[in-house]
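> 3D model of this:
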Amino acid sequence: MLVLVTETFKYLINVILNNVTSKKQVLMFKHSADQVFNLGDFTSATILYFKTLFAIHDFILLQKIGYASKDHTERFRLLEKEFPKSYKILDSEFNTYRSTYSRVISEETCVRIRELVENEIKKYEIE
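Residues are numbered from 1 along each chain as shown. Predicted coordinates:
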């Protein structure tokens, strides 16, 4: 039992020191996305809005369960269990994120993702 607690503690310290997702970081990503959006680069802005969304999800997971996901697969699994509404939102838009790798994203799509992010920021009081 002590080994498990120690390993969990070491993991949490590592996350805190090396990969902390804070409200400040979430808002910084959102600000960057907004700046790129205002330049008219909707593909890059969409990527940054998704980065913001992932940071929001990692933040709320860290707050609730003391653990942040290490990849998208784990994030999906944890969100499905702990935050099912946020999971459904992410699941419904994940193909949009994947399409940013190979397609130019329209302003309409980018605005949809931006609004989704803004709603999550409000829902979890990250302001």
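
> What helix or strand is residue 75 located in?
Residue 75 belongs to helix 72-82 when elements are defined using DSSP states H and E.

> Let me see the residues that make contact with the helix or strand just after that helix.
Next in sequence after helix 72-82, counting helices and strands by DSSP H and E, comes helix 84-99. By Cβ atoms under 8 Å, 6 or more residues apart in numbering, the residues outside helix 84-99 that reach it are 46-47, 50, 53, 57, 60, 72, 75-76, 79-80, 105, 109, 113, 116, 120. Heads up, the C-betas are built off the backbone N, CA and C, glycines and all.

> With adjacent residues omitted, what lies nearest to the residue positioned nearest the centre of the chain?
For the chain, residue 54 is the residue whose C-alpha lies nearest the centre (Cα atoms, centre = their mean; 1.2 Å). Nearest-residue entry for residue 54: residue 75, 6.8 Å, with adjacent residues in sequence omitted and distances by Cβ to Cβ, 6 or more residues apart in numbering.

> quick one, what contacts that neighbour?
By Cβ under 8 Å, 6+ apart, residue 75 lies in contact with 54, 57-58, 61, 69, 90.

> And for residue 43?
Per Cβ under 8 Å, 6+ apart, neighbours of residue 43: 100, 103-105, 110.

> and those residues, which of them are in strands?
Counting by DSSP state E, the contacts of residue 43 place none of their members in strands.

> Report pLDDT for residue 14.
As predicted, residue 14 sits at a pLDDT of 52.

> Ok, the one 5 residues further on next?
Predicted confidence (pLDDT) at residue 19: the value is 52.

> and the angle for the helix holding residue 75 with helix 84-99?
Between the axes of helix 72-82 and helix 84-99, defined by axes from the mean of the first three to the mean of the last three Cα atoms, to 10 degrees, the angle is 160 degrees.

> begin at 80 from here
Noted, 80 is the first residue going forward, which turns the last one into helix 151-161.

> Return the set of buried residues in helix 151-161.
Within helix 151-161, the residues scored as buried using 16 or more other Cβ atoms under 10 Å are 154-155, 157-158.
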